[in-house]
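Colleague: Sequence and predicted structure, then a few things I'm wondering about:
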Amino acid sequence: MKQAGIVGGLGPESTVDYYESYIQKYQERMNSNQTLPEFYINSINMYNIFKYISEDRLDDLSAYVGGAAKKLENIGADFVIVSANTPHIVFNQIRERVSVPMISIVEATYEKADEMELNNVGLLGTKFTMERDFFKKPFIGSDKKITVPSEEDQQFIHQRIVDELENGIVKEDTKKAFVEIGNKMIAEEKLDGLILGCTELPMILKDGDLNVPLLNTTDIHVDKMVDFTFSD
């Protein structure tokens, strides 16, 4: 059985979600709540991530997150994940810094959307995730459509993520606004799915809040972790 390594702290709230979800899914796979997985978490500073991206210091970003992944490898992790969408801007560069396999949240989410036969999806996340193309590439490359909100809505979503969700704050008026943005995208773009492309978004948007399937990237990523844990 393989031991996982999680680069966490990106932010702390979603790292807790990863921790709890991984344990729950592991126990379900083992069919026992009397066992626990042994794994590693290296919690780093999410504000460094925002700083490096906003200053376009992508080499520093890959060195920072890649260094955290390497530490996990050095203490015995058999594979590594980065528990956030935004740092996947430099996922390929991070992957090159370690010798053990890494599981991409972007690749896992694309595979899930393809499995669900979704061809026209929306993407919500931090402004960095929505405005850059790293999440969009696998969809566009397979002739699937992927749409982000307007610039104004992107900025609003980003600020509420950073100021509220990253700090564990969930407000009803923020949820209402996010649902309105999602519904507007669904109506205008005829979406058949919506990607929650920030690991804090499931704190505020749940299945049934909108009239299309929500792709919870945290849940999708953890499923891949569990699969890899039990793989040969």
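Modeller: That came in fine, so what should we check first?
Colleague: Report the contact partners of the nearest residue in space to residue 145 that is not next to it in sequence.
Modeller: If the residues on either side of it in the chain are set aside, residue 145 comes closest to residue 120, at 4.5 Å by CB to CB, 6 or more residues apart in numbering. The C-beta positions use only the backbone N, C-alpha and C, and glycine is treated the same way. For residue 120, the contact set (CB atoms under 8 Å, 6 or more residues apart in numbering) comprises 144, 145, 147, 189, 190, 191, 192, 193.
Colleague: and the residue of the chain most remote from its centre, how far is that from residue 27?
Modeller: The centre of the chain is farthest from one residue, residue 34, which by CA atoms, centre = their mean lies 28.8 Å away. With distances taken as CB to CB, to the nearest Å, residue 34 is found 8 Å from residue 27.
Colleague: can I see the domain layout of the chain?
Modeller: 4-104+219-229, 106-216 (automatic domain parsing).
Colleague: Let's have those domains in TSV, adding mean pLDDT.
Modeller: What follows is these, written out as TSV (pLDDT from 0 to 100):
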stretch	mean pLDDT
domain 4-104+219-229	97
domain 106-216	96
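Colleague: can you pull out the helices in the protein?
Modeller: With DSSP state H as the criterion, the chain has helices at 12-30, 46-54, 58-74, 91-95, 105-115, 127-131, 137-141, 151-163, 172-189, 217-229.
Colleague: now those as a markdown table including mean neighbour count and distance to residue 210?
Modeller: Below are those laid out as a markdown table (neighbours: other CB atoms under 10 Å; distance: least, CB to CB, whole Å):
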| stretch | mean neighbour count | distance to residue 210 |
| --- | --- | --- |
| helix 12-30 | 17 | 20 |
| helix 46-54 | 17 | 27 |
| helix 58-74 | 19 | 31 |
| helix 91-95 | 18 | 28 |
| helix 105-115 | 19 | 15 |
| helix 127-131 | 21 | 17 |
| helix 137-141 | 15 | 19 |
| helix 151-163 | 17 | 14 |
| helix 172-189 | 16 | 5 |
| helix 217-229 | 20 | 16 |
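Colleague: Indicate which one of those is closest to residue 199.
Modeller: helix 12-30 (3.6 Å; CB to CB).
Colleague: What separation do you get for residue 138 and residue 61?
Modeller: Using CB to CB, one gets 21 Å for the distance from residue 138 to residue 61.
Colleague: for residue 172, same thing?
Modeller: According to CB to CB, residue 172 stands 34 Å off from residue 61.
Colleague: ok, now residue 55?
Modeller: Using CB to CB, we find residue 55 at a distance of 10 Å from residue 61.
Colleague: okay but residue 6 is in contact with residue 17, surely?
Modeller: No. Using CB atoms under 8 Å, residue 6 is not in contact with residue 17; the gap is 11.2 Å.
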